[in-house]
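**Student:** Okay, predicted coordinates and the sequence, questions at the end:
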Amino acid sequence: RWIWILCVISAPVMAGKVLLIESYEQGYEWDASYVSALKQSLTPAHELHTFEMDTKRVPASRYSQIAEQAFSRYQQLKPQVVVLGDDNALVHMLPKLY
């Protein structure tokens, strides 16, 4: 599963909007690390937008509500690429996007 995700992240995208939906928030070292790598791989032709689900600080009972907010952001932006960062983003967003 992770190999496929890393291949998708490293695949070239010509231009357009990229939406990164993070499980946590950028204060976490893991998030900061992959966000930095993603930014380095994008060109000036890309618009990077982020949504932090912040699932380390909010109760699990709110995950579905936060996923709906993230999906709403996706519908507003209409990005060409969506990157789901970590487990909670995958679990709660992949069914909505697939």
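**Tutor:** Received the coordinates, thanks.
**Student:** okay, CA-based contacts and neighbour counts for the rest of this
**Tutor:** Fine.
**Student:** ok now stretch 47-61, how far from the chain's centre?
**Tutor:** How far stretch 47-61 lies from its chain's middle: 9 Å, per Cα atoms, centre = their mean, to the nearest Å.
**Student:** now do stretch 66-80
**Tutor:** Averaged C-alpha coordinates place stretch 66-80 at 10 Å from its chain's average position (Cα atoms, centre = their mean).
**Student:** Would you mind listing the buried residues in that stretch?
**Tutor:** Under the neighbour-count criterion of 16 or more other Cα atoms under 10 Å, stretch 66-80 has 66-67, 70-71, 73-74, 79 buried.
**Student:** For the one helix or strand Leu38 maps to, could you pull out the residues that count as buried?
**Tutor:** Following DSSP states H and E, one finds Leu38 within helix 29-41. By 16+ other Cα under 10 Å, the buried positions in helix 29-41 come out as 31, 35.
**Student:** Show the average pLDDT along it.
**Tutor:** Averaged across helix 29-41, the pLDDT comes to 87.
**Student:** Can you tell me which helices and strands the helix or strand that comes right after it packs against?
**Tutor:** Sequence-wise, the next helix or strand downstream of helix 29-41 (DSSP H and E) is strand 46-52. Packing contacts for strand 46-52, counted by 3 or more Cα pairs under 8 Å, 6 or more residues apart in numbering; DSSP states H and E, involve strand 16-22.
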